[in-house]
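Trainee: Sharing a model that was predicted from the sequence below.
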Amino acid sequence: MTTTVSPVIPDTAAQALTGKRRIAFASFVDENYLPGFLVLLRSLALSNPGVCEDFVVLHDDLKPSSIARIRALHPRIVLRRVDAGHYDSYAKGDQDNYLVRKAYFILDVFRIRDYDTVITLDTDMVVLGDLSELLKLREGLAAVPQFFYGQHKLNSGLLVIQREYLTDAFCAELDQVGRSGAYELDKHDQGILNAVLDGDFVRLDARYNFVKRRLSGDLPVPDDTAILHFTGRHKPWQGGEAGYAQAEERWREFDLGDAEFQAACVARGGLHHDLLVHYGTPHVRRTGDVEAARKVAAAHIAAGEYQDAVDVLSGVRIPLDEAWPHEVLGHALMSVSRYEEAKTQLLLATAAPNRAATAYARLAQIAWVHGDNTEALRYATAGLTVDPTHRSSRLWAQRAAAVPAQEQGAAEDQLAHVAFYMDRQGNAGDKLLPESVRLAFGADTTSRRWHSVHAHRLFDQAALERVNARRGLVIGGGGLFIPDTMPNGNSAWQWNVPDAHLDAIDVPIMVFAVGFNAFDGQSYRARRFNESLRLLVEKSAFFGLRNHGSIAKVRSLLPDGLHDKVVFQPCPTTVMRQLLPGWTDPSHREDTVLLNAAYDRAGLRFGHDYGHFLAEIAKAVRAIGAHTEVRCVAHSLDDERIAFDLRREHGISLPVIPMYDFDNDSIRETYAKTRLVIGMRGHAGMIPFGVGTPIVSLISHPKMAYFLSDIERPEWGVSVHERNLGAVLTERALHILDHHSRTVADVHDRQELLWKVTEENAARIRGILGR
């Protein structure tokens, strides 16, 4: 009888799974106020270069040429037409008066349903300072009180609106007041909002909506002003108003032509990827500026857009003595597997002492990818000669100098195994994975039964012949379907395999417990990845993915006829108790809770919420620590940051367990003897679960939500973006600790479901292999 595990398949939209806040700016724009809005957009980019959220443009009749000008100034414009007749039934105001209609139309922002936080900006504003505090706000409706009318009334020019106000119910309240006329005639939108809120709003400092009238008499703009608001009828683009020369001069700082504005943006440091690409690409095309091209290419590389990086730098003439652009172009070329061209660029870069170590490290990487350890060691040593502290050169030197284990078995008795074989101080979860996969095929995980194929090395003709001499090929596990870990142009995922060599494999292929590992906001080079994926599925005798979320994602990329080949195979780390020969559950556990946080791709994990996350974790650590000792467990060196940040920002000291230095037995033992693991990394949840330890996952990546859905325990996870993270995490952790035996039994029960699937798949694979 076939066992079926059919949990509710989670929404595979990353944001829905991680709870990452969606933030947008919004303005009502028409032709009269278009000049002001263009200046507003320029000022936002130049004053907050690291910020690039969606910008919702509410309009009722903008010209196509005007829309084109707006789009040229921001890469994430979202156009929304307002209902021009909706406010005709409002009881007050001259409906033909533009200012009245503009005031009403901004109320349409409350009809937006696509975002968690919306920040409105009037088109007669100019941004002069940092807005990061506004982006971090998470509660209520925030505004600056009216300067001339008292603290109980808000000025609607700047609103920070949270989701609880972006509802049909709140819109109905606004409509009711609008139709009844129970608001101040001369304030329109402010009057309606103030009538509904009756002073119940979060008060912001006046610097976030500093009204021009406070500067009457040509007073200077205060240095700490974040947003200057040109209230009144006389706008700077209409000739201005006497008595405000210094204020209007600040506005004119951003009244720039496209070329001047793009050059100013590219010259800024810390420009958001989307902004740098949006402004830098036309600037490079127009000027041929090599340094600007390098910046744009580096931004593309950071986002995994490697071919775009190649295209940008290939379109300019790089002088021979400009080392940095050569190094960046070499990096881009090797990332699309144009290795010989990459070597040429990187060798040119070695001529400059400040770029030589990085260039030599990349040359060492190319040599290692091609299986030439001698050449790799030579380049890595050259990098260390230039800079003895260069970490990447040292890592490649260690990898190239490592003596491969001597294979003990005969080829016909072995399975080839494509995996990411982690370095000694590498990620603990990835270090454990290859052995865990092998245990699912039998107790012997040594070279008597296995031939190792590193996923990141080029799968060339010699590697193909070695694999075809084995009984079969196992690929997995782990998140191999990710675009930016050791990128290559052959497959666009972690295994560096050309289609021709994949197609030439003539032994059974078994994809085992692999995950679709893209982050919220991360994408694949669709065509190359899709083609490689399709061929892999076609060639595979068994294609098992580690969660139903990955199954849904992968099936969406395949033709219908291949969907049934994609099946569920849990990560073997989740059934470790059953896989390890002679495993016994611990008779005693330490009275500890282990905390793990991850910092790779931190922007994708946390967005604008890291400060909130850290403060909430501090609350939870204090509360849980009153009952049980909390320790930090680091899967990689970067994971130790949570301990540093908690001490620096909140005065909390945690002992750190350096799991990146542990062997596999020590990793399993450490997780088996603690009472609870609160983990952000996927394997900081799956490994402890697999050895029978309760978990609470800090969800910053879809894969943990997928896993919890598969075991039908979504309550064992909480988003890092959760508004009340500290309280929720504390409540769940203490409940588990107070009912520990019952929760451990539940872990065992959930694990049994995954084990049955694994056993059935193992029987199927034995049939494929013939033994």
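Mentor: Now that the structure is in, tell me what you want to look at. Numbering: from 1, shown residues only.

Trainee: what number of residues lie near Val221?
Mentor: 20 (other C-beta atoms under 10 Å). For the C-beta atoms, the positions are set from N, CA and C on the backbone; glycine is no exception.

Trainee: Pretty sure it sits against Ala245.
Mentor: No - applying C-beta atoms under 8 Å as the test, Val221 and Ala245 come out as separate, 11.0 Å apart.

Trainee: so what pLDDT did Asp591 get?
Mentor: For Asp591, the pLDDT comes out at 97.

Trainee: Centre-most residue in this structure?
Mentor: Nearest to the geometric centre of the chain sits Leu604, at 1.9 Å (C-alpha atoms, centre = their mean).

Trainee: Just checking the distance from the helix or strand where that residue lies to the centre of its chain.
Mentor: Assigned by DSSP states H and E, Leu604 belongs to helix 602-606. Distance, stretch centre to chain centre, for helix 602-606: 5 Å (C-alpha atoms, centre = their mean, to the nearest Å).

Trainee: Likewise for stretch 362-373?
Mentor: Distance, stretch centre to chain centre, for stretch 362-373: 29 Å (C-alpha atoms, centre = their mean).

Trainee: before we move on, what about stretch 414-433?
Mentor: Computed by C-alpha atoms, centre = their mean, the chain-centroid distance of stretch 414-433 equals 24 Å.

Trainee: Rounded mean pLDDT for that stretch, please.
Mentor: Rounded mean pLDDT across stretch 414-433 is 91.

Trainee: Just the buried residues of it, please?
Mentor: Going by neighbour count (16 or more other C-beta atoms under 10 Å), the buried part of stretch 414-433 is 414-422, 426-433.

Trainee: likewise stretch 660-672?
Mentor: Within stretch 660-672, the residues that count as buried by 16+ other C-beta under 10 Å are 660, 662, 667-668, 670-672.

Trainee: Quick one: list the elements packing against the helix or strand Tyr279 falls within.
Mentor: Using DSSP H and E, Tyr279 sits within helix 273-287. If contacts are counted by 3 or more C-beta pairs under 8 Å, 6 or more residues apart in numbering; DSSP states H and E, helix 273-287 sits against helix 258-267, helix 290-302, helix 306-314.

Trainee: Taking helix 273-287 as reference, get the angle to the last one.
Mentor: On the basis of axes from the mean of the first three to the mean of the last three C-alpha atoms, to 10 degrees, helix 306-314 is oriented at 30 degrees to helix 273-287.

Trainee: for the longest one, same thing?
Mentor: Comparing the axes of helix 290-302 and helix 273-287 via the same axes, to 10 degrees yields an angle of 150 degrees.

Trainee: Provide the contact partners of helix 290-302 at residue level.
Mentor: Contacts with helix 290-302, where a contact means C-beta atoms under 8 Å, 6 or more residues apart in numbering, come from 266, 271, 273, 276-277, 280-281, 283-284, 306, 308-310, 312-313, 315-319, 322, 324-325, 328-329, 331-332, 335.

Trainee: What's the separation between the residue lying closest to Gly682 once chain neighbours are set aside and Gly767?
Mentor: Closest residue to Gly682 apart from its sequence neighbours, by C-beta to C-beta, 6 or more residues apart in numbering: Lys703 at 5.0 Å. According to C-beta to C-beta, to the nearest Å, Lys703 stands 30 Å off from Gly767.

Trainee: Now do the end-to-end distance for stretch 638-654.
Mentor: 15 Å (C-alpha to C-alpha, to the nearest Å).

Trainee: just for the chain, where's the confidence low?
Mentor: Along the chain, the parts satisfying pLDDT under 70 run over 1-15, 84, 87-104, 148-151, 184-189, 519-525, 771.

Trainee: In the stretch 501-650 of the chain, mark out all the strands, start to finish.
Mentor: 509-516, 540-545, 566-568, 592-595, 629-634 (DSSP state E, counting those that start in this stretch).

Trainee: need the ones you listed in TSV with distance to Glu53, can you?
Mentor: Output for the strands of the stretch 501-650 of the chain, formatted as TSV (distance: least, C-beta to C-beta, whole Å):
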stretch	distance to Glu53
strand 509-516	26
strand 540-545	33
strand 566-568	35
strand 592-595	30
strand 629-634	32
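
Trainee: ok, back up a step: TSV for the helices and strands packed on helix 273-287, including mean neighbour count?
Mentor: Formatted as TSV, the helices and strands packed on helix 273-287 follow (neighbours: other C-beta atoms under 10 Å):
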stretch	mean neighbour count
helix 258-267	18
helix 290-302	22
helix 306-314	22
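
Trainee: rewinding a little: out of the strands of the stretch 501-650 of the chain, which comes closest to Gln162?
Mentor: Of all the strands of the stretch 501-650 of the chain, it is strand 592-595 that lies closest to Gln162, at 28.6 Å by C-beta to C-beta.

Trainee: The closest one - contacts with which helices or strands?
Mentor: If you count contacts as 3+ C-beta pairs under 8 Å, 6+ apart, strand 592-595 packs onto helix 610-625, strand 629-634, strand 676-679.

Trainee: ok, 7 Å please
Mentor: strand 629-634, strand 676-679 (3 or more C-beta pairs under 7 Å, 6 or more residues apart in numbering; DSSP states H and E).

Trainee: my guess is Ala428 contacts Tyr660, does it?
Mentor: Yes - in this structure, Ala428 is within contact of Tyr660 by C-beta atoms under 7 Å, at 5.5 Å.

Trainee: Just the buried residues of the top helix by length along the chain, please?
Mentor: Ordering each helix of the chain by length in residues (DSSP state H) puts helix 740-769 first. Under the neighbour-count criterion of 16+ other C-beta under 10 Å, helix 740-769 has 743-744, 746-747, 750-751, 753-758, 760-761, 765 buried.

Trainee: same thing with stretch 631-649?
Mentor: Here stretch 631-649 shows 631-636, 639-643, 645-646 as buried, counting by 16+ other C-beta under 10 Å.

Trainee: of those residues, closest to Glu31?
Mentor: For the buried residues of stretch 631-649, the residue nearest Glu31 by C-beta to C-beta is Asp645; the value is 48.6 Å.

Trainee: Check the spacing between Ala263 and Tyr279 real quick.
Mentor: Going from Ala263 to Tyr279 by C-beta to C-beta gives 9 Å.

Trainee: got it, and Ser556?
Mentor: Distance, Ser556 to Tyr279, by C-beta to C-beta: 33 Å.

Trainee: Look at these two and report which has more neighbours.
Mentor: A direct count of neighbours by other C-beta under 10 Å for Ser556 and Tyr279 places Tyr279 higher, at 26 against 10.

Trainee: The more buried one reaches Gln262, doesn't it?
Mentor: Yes - at 4.5 Å, Tyr279 counts as touching Gln262 under the criterion of C-beta under 7 Å.

Trainee: Okay, and which of the buried residues of stretch 414-433 map to strands?
Mentor: In this view, the buried residues of stretch 414-433 that belong to strands under DSSP state E are 415-419.

Trainee: Of those residues, which pair is most distant in space?
Mentor: Based on C-beta to C-beta, the longest span within those runs between Leu415 and Ala419 and measures 11.5 Å.
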